[in-house]
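1. can you look at this prediction? I've put the sequence above it.
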Amino acid sequence: MPRIVREADISWEGTLSRGAGVVTATSSGAFDLPVTLASRIANPEGKTSPEELLAAAHASCWVTSLAGELAKAGTPPEHLDVHCTITMDEVEGRGHRIVASSLSARGTAPGADEASFAQAAEAADAGCPFSALIKASATVTVEATLEGGA
C-alpha cells in the first residue's frame, strides 16, 4: 500500500469556553463540521468533537480491515455495521486521556461461521492502524456478531 497522507484544518474564533470552530476535511472536501467546547463535554447540539471524529476514524479503519480479512478468507461480506465508542477520562497525574475504544460489529458474510467471523475480526483489529495507535495508550475491545451465518 502506498504512503497515505490526509489533511484537515480547523479555524477557531474566541476563547475556549465561548469560542467555536469549524473543522474541514482539507484533502477531500468531504466535510465542514462545527466544533465547540460544549460539544466535547456537554450536549453536542449538532456539533462534533475530536472524540467523535476519532470514533468515526477508528470504525472506518476497522471495518475496511474486516472487509479485507473476510474477502481474504473467501467469505466477502454482504453488509457490515460497526459502532465505535471512544471514552476519555481523567488519568491521575496525566490529565484527560483517551482510555478506551470499543468496537461492536454485526454483519453478513456468506460462507462464514461464527468462528471464522471472530477470527477475521481479530485479524482486522491487528491490521487496523487506528487500533494500533489507540492501543499505544488505551484499550481496544472488539465484539463481532455474524448474522445468518453458515
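-> Ah, there it is. The structure displayed is predicted, hence computed values, not measured ones.
2. CA only for contacts and neighbour counts going forward, please
-> OK.
3. gap between the spatially most central residue of the chain and residue 132?
-> Nearest to the geometric centre of the chain sits residue 58, at 2.0 Å (C-alpha atoms, centre = their mean). Counting by C-alpha to C-alpha, to the nearest Å, the separation of residue 58 from residue 132 is 10 Å.
4. next one: stretch 106-114 to chain centre, how far?
-> Taking C-alpha atoms, centre = their mean, to the nearest Å, the mean C-alpha location of stretch 106-114 is offset from the chain mean by 21 Å.
5. secondary structure of the residue nearest to the centre of the chain: a helix, I assume?
-> Yes - under DSSP: H, G, I helix; E, B strand; the rest coil, residue 58 sits within a helix.
6. without its sequence neighbours, what residue ends up closest to it?
-> Once flanking residues are discounted, residue 58 sits nearest to residue 130: 5.5 Å by C-alpha to C-alpha, 6 or more residues apart in numbering.
7. do residue 129 as well
-> residue 61 (7.4 Å).
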